[in-house]
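[1] here are the coordinates; sequence isn't available:
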């Protein structure tokens, strides 16, 4: 991956969104298969750590936690998760406070241009060249659109999705509607 500030040095790259750590009501809102917020938090961390290595890069596309206490979010969740973490702002990320967390990131992973954000976009930078777009927020309520899909945990069996998984999914999707054909 080549992008100033996001150097992977040939590390694995993962994408996820909408974990909602510490958010009891998300279980009912999204019909998640957990009996309690404690069980949800525990299993999300177990699933994450079962696939993400300590030196892997993880992009969280918003709504990581509804807990407003930044120190608690680090102590209870982030510090217990494998990987090097980058956070995008979502609609419930007050814990980020004044941390440098963008709303959109453009990157290149293994030669593939990808635009990531919490919110789904109809068009995105370079979409006319069939670039990819990953988003969250919709908890599976927004279907894929061209080379764009929801990587939130509600769509990925509660696991982060690695770059190869993104490639596999993109191979099954239509080209972007605005693709410029040569």
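    All right, it came through fine. Just so it is clear, the model here is predicted, and its values are computed rather than measured.
[2] residue ranges for the strands of this structure, please.
    13-16, 57-60, 84-87, 104-109, 112-117, 132-135, 148-150, 161-162 (DSSP state E).
[3] my guess is residue 14 meets residue 55, correct?
    No - look at residue 14 against residue 55 with Cβ atoms under 8 Å: they stay out of range, at 11.7 Å. Using the backbone N, CA and C atoms, a C-beta is placed for each residue, glycine as well.
[4] got a list of what residue 155 touches?
    Shown in contact with residue 155 (Cβ atoms under 8 Å, 6 or more residues apart in numbering): 139-140, 149.
[5] burial of the closest residue to residue 40 other than its chain neighbours, as a residue count?
    Nearest residue to residue 40 in three dimensions, chain neighbours excluded: residue 34, at 3.9 Å (Cβ to Cβ, 6 or more residues apart in numbering). If you count neighbours by other Cβ atoms under 10 Å, residue 34 ends up with 16.
[6] ok so, going back, now list whatever residues contact both of residue 14 and residue 55.
    Looking at what touches both residue 14 and residue 55 (by Cβ under 8 Å, 6+ apart), the common residues are residue 83.
[7] Sweet, I'm off.
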